[in-house]
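Undergrad: Test case, fold it:
(6 chains)
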There are 4 protein chains.
Amino acid sequence: MADLPRHLARGAVGRERLSREALASYQRDRILITATGVFAKRGYQQTTVEHIVDAWGGSVGSFYGHFDGKESCFLAVFDRVVEQGRQRLAGAVAGEESWAAQAYASLGALIEAAVAEPLAAGIILVEAPSAGAQARKRYLALLDELAARLRGGRSERPEALALPETFEQAAVGGTAYFLQQRLLASEVDSAAELLAETSQVVLEPILGAAELRRLGSTPALAG
Amino acid sequence: MADLPRHLARGAVGRERLSREALASYQRDRILITATGVFAKRGYQQTTVEHIVDAWGGSVGSFYGHFDGKESCFLAVFDRVVEQGRQRLAGAVAGEESWAAQAYASLGALIEAAVAEPLAAGIILVEAPSAGAQARKRYLALLDELAARLRGGRSERPEALALPETFEQAAVGGTAYFLQQRLLASEVDSAAELLAETSQVVLEPILGAAELRRLGSTPALAG
Amino acid sequence: MADLPRHLARGAVGRERLSREALASYQRDRILITATGVFAKRGYQQTTVEHIVDAWGGSVGSFYGHFDGKESCFLAVFDRVVEQGRQRLAGAVAGEESWAAQAYASLGALIEAAVAEPLAAGIILVEAPSAGAQARKRYLALLDELAARLRGGRSERPEALALPETFEQAAVGGTAYFLQQRLLASEVDSAAELLAETSQVVLEPILGAAELRRLGSTPALAG
Amino acid sequence: MADLPRHLARGAVGRERLSREALASYQRDRILITATGVFAKRGYQQTTVEHIVDAWGGSVGSFYGHFDGKESCFLAVFDRVVEQGRQRLAGAVAGEESWAAQAYASLGALIEAAVAEPLAAGIILVEAPSAGAQARKRYLALLDELAARLRGGRSERPEALALPETFEQAAVGGTAYFLQQRLLASEVDSAAELLAETSQVVLEPILGAAELRRLGSTPALAG
DNA sequence: GATGAATGAGCATTCATTCAT
DNA sequence: GATGAATGAATGCTCATTCAT
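TA: Reported below is the predicted structural model:
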């Protein structure tokens, strides 16, 4: 088992309360982090519980103490990655006022995340659709949610109302496919470049070219 | 095993050469047809060779006489469905002269095919991405090819040249995602409706709204 | 963990010596009582240590502080139930003088016990034979002991000497089987009825019908 | 895999029909015979599928081709042993006319069987009660059936009508217990001796001592 | 003494593939 | 060529027991 970070090591203040609970949560997180890599590299179906356990350095029984099984573990990995994405999104949106700026920043944050952690991105874009019914369901629900968010922007531009019903779904699905391809080919370009391209496809039809150009001139990416 | 059609039954003319070859090909096709349904209904991973063999009515050994194994069989199923799609495409394009009309007819033909044979469509859109590395590769190659075809249209319209590099990929991926969702939800609307929606997303940016409207007024669907 | 009864609560007189020892014994007993129900309801093989610990409300480590393991715990449960039976037997026999009356009262006490605590009876009659070699050995030894006691009655009646060697073993085994069947079917009739039937099988050959009739006319059962 | 007996070896007459079916049945039987010994020696719970497979000399997959699993295999072993007992019973009863003679011969046949094949007898008397709910159910049903058969004899002797309701159940259960004890202790006496003892317990109350003495003077045992 | 997280050997079962007939 | 019984490696999972805190 790996060393614990300072604040969790014995002797820490308030260890009574923290210890058990936090330790368990910490272990669980460690498994999730390891599993993210294993699932992403091997693929869900080719991954066995033993692979994860070996990579993690723990024991089978312990694994089952944290998760109901392989699928349950994958879903937790998925949820964790999604949650981290959500936080990035929240952070990106925080400073922006207009829907347009928020949308642009959001897209940028997601692309940045995918570029920074391609394995985590692969969990969502590549593995989730193949990891059983549950996972596929969550994957579709996630894209649906993103499409719904995107849809919110129509009200900002009268012209956008003329877009077909399915535009947002297709835009989100298309972006997912596009990124997935880049991930699988390991041709991950710079986040800036990807953002420039995808924003044109996803956002221009809603915001118009002029608005998008304006947004693009502002440095949108942190990294 | 089911009865053979007349011209393949033994005693037919030229049975020495034809019989063997044609019979084998016929058997293989029968397996592929059956397997298409089994793979689509159960999902690739949940399908066992025995499932296919049982549904087909043959024997395991015979199955392995026709295919190297389960994956090889799936790839053949995939290729077969793709081939049929190609023929539909060729037929649809045949009468049309302009690239615009050909593209519109192509999209119509593909949608029509998906609506007519949802199981076959599911093989491409739902199962292929989950059926191992090989299958995913072919799936991505297929979408790439469609994107490339779509790209051919840019030259027809100067405005289209301004579209982002990734437009076609996103358009194709988005359409795939959109159709996949409809297939999984078993909410297959009429082909006409789907065509109207997807063409707006996929073709309008290239052809322009006016051209698309004109194409839409011509009956594009056979069924 | 449940509250302790007054005299065991901390602060009680003589807590240094008593406390430790008595507390341990009390805890152990609590586990045994709980385990009796769990083993009887789930069956020995289907019962896990965790089941017992959960039902008891303690912890695994603590469980292993009291017992060497699952089997050891079952054997202790067995012994405890046997011990309680022995005490009932002693009580029942106390007031009686003749062997005949003692035997009749004993049988009555055992049946009464089985009817009053079917779970405890199930430990002996149903689970013990299936709970591993040790338990089976004790089960067989127990029946042997009862058979030996029964045998003591032969001297009271010359006719009984003509009974086959195996009579007592068969009588005890038969009664055990008979009661076990009633327990498994949850068809536990009244103790009086069961006593009337079994005593005819077990005791009449030794005591004779007349004697048995006489014994039966005295109220033999407490409840 | 062991050699096949002549009539099943290749080249045998009518191999088309016989071969497949008979071979499968033969293999299944071989597993059952092996499994009888393994279950009896190790005990049901301690026996793993691998134990059986190793002892048999086949493969795991093959085992599962013949049985649904370990329990299913045990039940088949149980049924097989019961069936063989039934045939012995049928053979023993064949020549006898009176119920008394039939009952005596039956008891003799069963005891003889138990002495001749203690492992098979152990399956019924020792393992079945411990091998899960299904097996216990069949075990109890079997004893019930024997008790019912025994009951048929009451009509032959007016005195027997006075026996308690439960006599037959207790007699059968007692005999089962008695034999089980002998089996577990590996103290298997001669069949003749066991018959003499058990018949006194089981049959004398129904048939009377005189009748039983008469039956005993006839050589009842084949071996 | 108490706690419960960690351990890991062990088990029943599946299934793609082979090969004797 | 056809057949399907046989193969056995691989897998997900359980649970009695240990031991650091």
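
Undergrad: quick one: the helix or strand encompassing A:Ala141 near chain B?
TA: When elements are defined using DSSP states H and E, A:Ala141 is found to belong to helix A:132-151. Yes. Among the residues of helix A:132-151, A:136, A:140, A:143 lie within reach of chain B under CB under 8 Å from any CB of the partner chain. For the C-beta atoms, the positions are set from N, CA and C on the backbone; glycine is no exception.

Undergrad: Am I right that the second one is in contact with B:Gln181?
TA: The one in question is A:Leu140. Yes. Taking CB atoms under 8 Å as the contact criterion, A:Leu140 and B:Gln181 are neighbours in contact, 6.3 Å apart.

Undergrad: can you pull the buried residues of the regular element (helix or strand) spanning A:Leu23?
TA: A:Leu23 is part of helix A:15-42 when elements are defined by DSSP H and E. Applying a neighbour-count criterion of 16 or more other CB atoms under 10 Å in any protein chain shown, one finds A:22, A:27-28, A:30-32, A:34-40 buried in helix A:15-42.

Undergrad: Could you check it against chain B for contacts?
TA: No. For helix A:15-42, no contact with chain B is found by CB under 8 Å from any CB; the gap never falls below 10.7 Å.

Undergrad: elements contacting that helix?
TA: In this structure, helix A:15-42 makes packing contacts with helix A:49-56, helix A:60-66, helix A:70-94, helix A:118-122, judged by 3 or more CB pairs under 8 Å, 6 or more residues apart in numbering or on different chains; DSSP states H and E.

Undergrad: What strand or helix carries A:Asp189?
TA: In this structure, A:Asp189 sits in neither a helix nor a strand according to DSSP H and E.

Undergrad: neighbours of it, just the number please.
TA: Residues contacting A:Asp189 under the criterion other CB atoms under 10 Å in any protein chain shown number 13.

Undergrad: The residue lying closest to it once chain neighbours are set aside sits in which helix or strand?
TA: For A:Asp189, the nearest residue in space outside its immediate sequence neighbours is A:Arg182; the separation is 7.0 Å by CB to CB, 6 or more residues apart in numbering or on different chains. Element membership for A:Arg182 (DSSP H and E) is helix A:167-184.

Undergrad: so what secondary structure elements neighbour that helix?
TA: Identification of packing neighbours for helix A:167-184 by 3+ CB pairs under 8 Å, 6+ apart yields helix A:99-116, helix A:118-122, helix A:132-151, helix A:191-202, helix B:132-151, helix B:167-184, helix B:191-202.

Undergrad: Now do the second one: everything it contacts.
TA: With CB atoms under 8 Å, 6 or more residues apart in numbering or on different chains as the contact definition, helix A:118-122 has outside contacts at A:36-37, A:40-41, A:81, A:84, A:113-114, A:179, A:183-184, A:186, A:188.

Undergrad: quick one: which of these is nearest C:His51?
TA: Taking CB to CB as the measure, C:His51 lies nearest A:Thr36 of those, at 34.8 Å.

Undergrad: From what I see, that closest one and A:Ile123 are in contact.
TA: Yes. Between A:Thr36 and A:Ile123 there is a contact under CB under 8 Å: 5.9 Å.

Undergrad: Distance of the residue in chain A that DNA strand E sits nearest to relative to chain B?
TA: In chain A, the residue found nearest to DNA strand E is A:Gly61; the distance is 1.5 Å by CB to the nearest atom of the strand. Taking CB to the nearest CB, to the nearest Å as the measure, A:Gly61 and chain B are separated by 26 Å.

Undergrad: now, which of the contacts of helix A:118-122 sits nearest A:Pro205?
TA: A:Leu179 (18.5 Å).

Undergrad: Can you give me the neighbour number for that closest one?
TA: For A:Leu179, the number of neighbouring residues by other CB under 10 Å comes to 26.

Undergrad: List the contacts of it.
TA: By CB under 8 Å, 6+ apart, the contact set of A:Leu179 is A:111, A:114, A:121, A:125, A:194, A:198.
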